[in-house]
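[1] just to be clear, the model below is a prediction. Sequence and coordinates:
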Amino acid sequence: MSKKGKVLVAMSGGIDSSVAAMLLHEQGYEVIGITMKTWDYSSSGGTRKTTGCCSLDDINDARILAVNMGFHHIILDIREEFGDFIIDNFVDEYLAGRTPNPCVLCNTHIKWDALLRRADQLGCDFIATGHYAQLRNENGRYVISKGKDENKDQSYVLWGLSQESLARTLFPLGGFDKPTIRKMAEERGYEELSKKGESFEICFVPDNDYRGFLKRRVEGLEEKVDGGDFVDVEGNVIGKHKGYPFYTIGQRKGLEVAFGDPRYVVEINAKENKVVLGVKEDLNKKDVFVRNPNIIKYPELPAEMEVVSKIRYKDKGANSTITALPDNRIKIQFYDDVQGVAPGQSAVFYDGNDLIGGGFIDNP
């Protein structure tokens with residue numbers, strides 16, 4: 001038994017999780033690799049092969065790496081659990097006129113839970129992933145901070161994790177940038193791995209056609225939602241749309257309605273099957289509400305606090321004040337207008353590089 005402890009490492013077959021496993025193995029941990037099979041894209045009627053964590057090639061790559069480095073590797077089939085929760089939520093959110101955030105939900109409710117359960121069964125002290133984030137214990141509380149590589153920082157998708165989960169979590173890549181990780185793989189003889197590309201797609205929609213996925217998933221969806229009204233911000237009917245679930249906040253292209261100047265989707269009204277179009281300035285917002293918040297850095301959120309808030313993964317963040325509301329929501333007041341606020345997406349708060357917490361953007 002290693003003095004460092006036994007760690008279960010989530011291995012997708014990609015470069016990040018592979019190098020995470022290598023580093024922990026070299027640091028003296030007893031490593032067990034685990035690859036979670038979450039989804040068969042072919043079962044949704046799509047035409048592209050599965051990619052990322054779901055492809056046979058990547059599963060084999062993870063297994064080969066483990067064999068070469070001399071540690072055990074297992075495959076965990078969580079397709080049923082993943083589908084019941086993540087897929088159903090994905091569909092339900094679009095049908096409610098919101099834009100879902102499946103990766104956050106998967107981290108919080110599926111992957112971490114599945115990893116910890118299997119870690120307990122295998123007698124592992126820790127679990128580890130290839131996320132670019134850093135973790136420390138401060139005054140008895142586990143605090144996530146941004147990864148060293150600002151371009152790869154993934155703290156945004158980790159806001160839903162509990163203190164109990166973080167107490168057993170390791171992020172080996174948090175102190176490195178991506179070029180260094182690629183160099184590490186190459187120096188260890190994994191040149192092909194070092195050249196692997198990034199995967200930005202949702203694992204169960206690898207062709208990025210979420211509209212096609214919804215149509216295949218929900219029988220008769222097009223007939224149910226087709227023919228609703230495009231309206232302007234005053235409520236005047238200005239055209240017909242092809243179904244409110246097929247539009248997203250901020251969308252400009254593919255509206256199939258001609259105007260003298262560009263129009264954008266500024267609101268989606270699922271109950272009335274209406275899509276509100278406006279000019280770019282109509283996307284401006286200063287007040288944003290957040291539901292189901294999870295606070296990581298503090299035992300309890302102060303009544304009011306100055307923070308930097310991000311409303312999407314690649315958002316640089318903007319200065320704001322957050323206020324805790326009596327209905328278990330948080331109000332964000334941005335100092336300057338922000339655009340593209342989409343209910344269903346995550347809003348995440350930072351104190352410097354530290355992740356305070358986050359929640360799902362709610363309707364006002």
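    Yep, it's here.

[2] measure stretch 23-30 end to end?
    Distance between the two ends of stretch 23-30: 11 Å, counting by CA to CA, to the nearest Å.

[3] ok, now stretch 143-159?
    10 Å.

[4] what comes up buried for it?
    The neighbour-count criterion (16 or more other CB atoms under 10 Å) identifies 143-149, 152-159 as the buried residues of stretch 143-159. Quick note: C-beta positions are derived from backbone N, CA and C, even for glycine.

[5] of the residues you listed, which belong to strands?
    Among these, the members falling in strands (DSSP state E) are 143-146.

[6] could those go into a markdown table alongside distance to Phe246 and pLDDT?
    Below are these laid out as a markdown table (distance: CB to CB, whole Å; pLDDT from 0 to 100):
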| residue | distance to Phe246 | pLDDT |
| --- | --- | --- |
| Val143 | 40 | 98 |
| Ile144 | 35 | 98 |
| Ser145 | 38 | 98 |
| Lys146 | 34 | 97 |
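
[7] quick one: average pLDDT of stretch 291-304?
    Averaging pLDDT along stretch 291-304 gives 94.

[8] CA atoms of that stretch as CSV?
    What follows is stretch 291-304, C-alpha atoms only, in CSV (Å, rounded to 0.1, in the frame of the first residue of the first chain):
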residue,chain,number,x,y,z
ARG,A,291,-31.5,29.5,-8.4
ASN,A,292,-30.2,26.4,-6.6
PRO,A,293,-26.9,28.0,-5.5
ASN,A,294,-24.0,26.1,-4.0
ILE,A,295,-21.5,28.1,-2.0
ILE,A,296,-18.0,26.5,-1.8
LYS,A,297,-15.6,29.0,-0.3
TYR,A,298,-17.7,30.0,2.8
PRO,A,299,-20.0,28.1,5.2
GLU,A,300,-22.6,30.8,4.4
LEU,A,301,-22.7,33.5,1.8
PRO,A,302,-22.5,37.1,3.2
ALA,A,303,-25.7,39.1,2.8
GLU,A,304,-24.0,41.2,0.1
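
[9] if we can go back for a sec, looking at the ones in strands among the buried residues of stretch 143-159, which two lie furthest apart in space?
    Using CB to CB, the two most remote members of these are Val143 and Lys146, lying 11.3 Å apart.

[10] which neighbours do the two have in common?
    Common neighbours of Val143 and Lys146 (criterion: CB atoms under 8 Å, 6 or more residues apart in numbering): Leu355.

[11] the strand or helix carrying Arg216: how far from the chain's middle?
    Using DSSP states H and E, Arg216 sits in helix 210-217. A distance of 20 Å separates the centroid of the chain from that of helix 210-217, by CA atoms, centre = their mean, to the nearest Å.

[12] swap in stretch 165-182?
    With CA atoms, centre = their mean as the basis, stretch 165-182 stands 17 Å off its chain's centre.

[13] longest strand of the chain, counting residues only.
    Longest strand in the chain, counting residues (DSSP E): strand 285-295.

[14] pull the residues that contact it.
    By CB under 8 Å, 6+ apart, the surrounding residues in contact with strand 285-295 are 159-162, 301, 309, 311, 325, 328-339, 341, 347, 356-364.

[15] repeat the analysis, applying 6 Å as the threshold.
    159-160, 301, 329-334, 337-338, 341, 347, 357, 359-360, 362, 364 (CB atoms under 6 Å, 6 or more residues apart in numbering).

[16] repeat for stretch 70-90
    With contact meaning CB under 6 Å, 6+ apart, stretch 70-90 is reached by 31-38, 63, 66, 100, 102, 105-106, 110, 114.

[17] do stretch 92-107 as well
    Contact with stretch 92-107 is made by 86, 89-90, 157, 160, 202, 214, 244-245, 248, 268, 270, 342-346, as judged by CB under 6 Å, 6+ apart.

[18] PyMOL command for the buried members of the contacts of strand 285-295?
    Of these, the buried ones can be selected in PyMOL as follows, counting by 16+ other CB under 10 Å:
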select buried, resi 159+160+301+329+330+331+332+334+338+341+347+357+359+360+362
